[in-house]
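K.L.:
Provided below are the primary sequence and the corresponding predicted coordinates.
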Amino acid sequence: MTAAWDAYGDRQEVVEVREVSANVSTNSVYLLVLDDGHAVVAKRSSYGSYVHFRQDHYRIHEWIHRLRGTRYASFLAPVLLKNDEVFTYRDEDAWVVFYAQQPFYDFLPKVLTDAQLESFGEEMGLFHRECLEISDRVRPTWQSLGADIASLHDAIGSSEWRRERGFSDSSISYVRAHCDAFLGNADALGYHQWTKIPILIDWNIGNFSVGMDGKGFKFFSRWDYDWFRIEPRMLDLYFCARVCRAEGDQTAFSYTVDPLFDERFMKFLRAYHEVHRLTKEELLFLKESYRFFILNYVLRVGEHFFQPDICHRLQQETVHDYLPHLEQVDFEPLLEVL
C-alpha cells in the first residue's frame, strides 16, 4: 500500500495501514492513516483485467461528476485523482485505487420496518431516476452481460475448469442451457432497447449508510464498487430484495430466488414504482437478472469474489438448488405491482 501511495505522490505520509476488508471477497481494503490525521481508503484487487479495473474507475468518476447538483451529489465515495485523472497503481499481479474516506451516518437495522421498506423503495427509485437522467453522459464500458455469459458457456466445456470447481461432466449441457435461456429471454424482453445506467448490484446494509428521517430515511453515503456495471437498473434489485427480507441480513448466506417473492419486497417495489415507473418487461427481466448474477458472479468468477470455502458451497448450491428451482418459478405475480 505504501508503494502505491508513494506513486500517488501526496505530500502527506502514511503513518498507519489498517486492513478493513470484509473477509468475504478476495479483494483487500485498507485504511491509510496520514500524518495530518486524515485517512484515505485503498482497494487492492488481482481479479480480472487491469484495463477493466481502470476503465470502471474512470466511469465511476464520470458518474459522480455528473451527479453534481442532484441530491446524490455527495452520496458516492470519490475516486482520488492525480493531475485531474483517476489514479490507479499496478504492480506485477495486483492493482490499487484510492477513495476519499466516506463519512457515514445511520445504518439500517437488520430487519426493516414497513416505513423503512417504503423509504428504501423510494430512495432507490429516485437514485435510479437521477442516474437515468445523466446516463447519456457516462460512457459505456467494454464489459457486457452477453460477453460474460458467452465466456461461461465456453468455459464450462473445459474439463480442467470443471475439475477445479468440482463440477461433473453432466453439468455442461445444463449450465449451457441456462446460458442460452438468459441470452434468449433477455433479448425477447427488450434488453437491447433499454437505457443502461451505472449500477452497483451489491446492496447490503454494511456498504451504505442512511440518514434517518422520521419513520423513514434518505441515502447518506455509499462505498464499495466491486460489482459496478453500466446495465439496466433491474440488476440492482435482487440485492435490494435481500435487504428487505423478513429474516434480515445473514452471516451464513445463500443466494436463493425466494427474496424476490417476499411480500416485503413487494412493498419495496410498489414504493419504487411510485417514483420511477416499472414496466411489465422489466419486472419479468428480474428472472434473468437473477440468473445472470448466479451464472456470472457465482459460477463463472465466484473464486474472485468469495473466499474458497464460501465459493465452493455457493457453486454447488447453484447447480443443485438455485438453477433447478429457478426453472419452476413463475415471475408473473410480480406484475401485481403495476
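P.N.:
Perfect, I can see it now. Numbering: from 1, shown residues only.
K.L.:
shaky segments in the stretch 1-150 of the chain?
P.N.:
The model of the stretch 1-150 of the chain has pLDDT under 70 over residues 23-26.
K.L.:
then the stretch 201-338 of the chain?
P.N.:
249-252.
K.L.:
list the contacts of the residue nearest the centre of the chain.
P.N.:
By C-alpha atoms, centre = their mean, the mean C-alpha position of the chain lies nearest to residue 201, the distance being 2.5 Å. Taking C-beta atoms under 8 Å, 6 or more residues apart in numbering, we find residue 201 in contact with 227, 228, 229, 235, 236, 239, 293, 297. Heads up, the C-betas are built off the backbone N, CA and C, glycines and all.
K.L.:
rerun that using 7 Å as the cut-off
P.N.:
The neighbourhood of residue 201, defined by C-beta atoms under 7 Å, 6 or more residues apart in numbering, consists of 227, 229, 235, 236, 239.
K.L.:
got a markdown table for those residues, with neighbour count too?
P.N.:
Formatted as a markdown table, the contacts of residue 201 follow (neighbours: other C-beta atoms under 10 Å):
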| residue | neighbour count |
| --- | --- |
| 227 | 18 |
| 229 | 22 |
| 235 | 23 |
| 236 | 22 |
| 239 | 19 |
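K.L.:
filter those residues down to the ones in strands?
P.N.:
residue 229 (DSSP state E).
K.L.:
ok, so of the contacts of residue 201, who is nearest residue 188?
P.N.:
Closest approach between these and residue 188, by C-beta to C-beta: residue 235, at 17.5 Å.
K.L.:
now do the closest one against residue 314, distance only.
P.N.:
Going from residue 235 to residue 314 by C-beta to C-beta, to the nearest Å gives 18 Å.
K.L.:
do the same with residue 210
P.N.:
28 Å.
K.L.:
longest helix in this protein, please.
P.N.:
helix 114-134 (DSSP state H).
K.L.:
run through who's touching that one.
P.N.:
Against helix 114-134 from outside (C-beta under 7 Å, 6+ apart): 66-67, 70, 72, 108, 112, 195, 197-198, 215-219, 233, 240, 243-244, 264, 267-272, 275-276.
K.L.:
go again with 8 Å.
P.N.:
Applying C-beta under 8 Å, 6+ apart, the contact partners of helix 114-134 are 63, 66-67, 70-72, 75, 108-109, 112, 195, 197-199, 210, 213-219, 233, 236-237, 240, 243-244, 264, 267-276.
K.L.:
what residues are up against the closest residue in space to residue 300 that isn't next to it in sequence?
P.N.:
Nearest residue to residue 300, sequence neighbours excluded (C-beta to C-beta, 6 or more residues apart in numbering): residue 152, at 4.2 Å. For residue 152, the contact set (C-beta under 8 Å, 6+ apart) comprises 175, 179, 295, 296, 299, 300.
K.L.:
nearest to residue 36, of these?
P.N.:
When the contacts of residue 152 are compared against residue 36 (criterion: C-beta to C-beta), the nearest one is residue 296, at 41.7 Å.
K.L.:
and that closest one, that's in a helix?
P.N.:
Yes: assigned with DSSP: H, G, I helix; E, B strand; the rest coil, residue 296 falls within a helix.
K.L.:
can you tell me the helix or strand for the residue found closest to it once you drop the neighbours it is linked to in the chain?
P.N.:
Residue nearest to residue 296 in three dimensions, not counting chain neighbours: residue 148, with 4.7 Å by C-beta to C-beta, 6+ apart. Using DSSP states H and E, residue 148 sits within helix 145-155.
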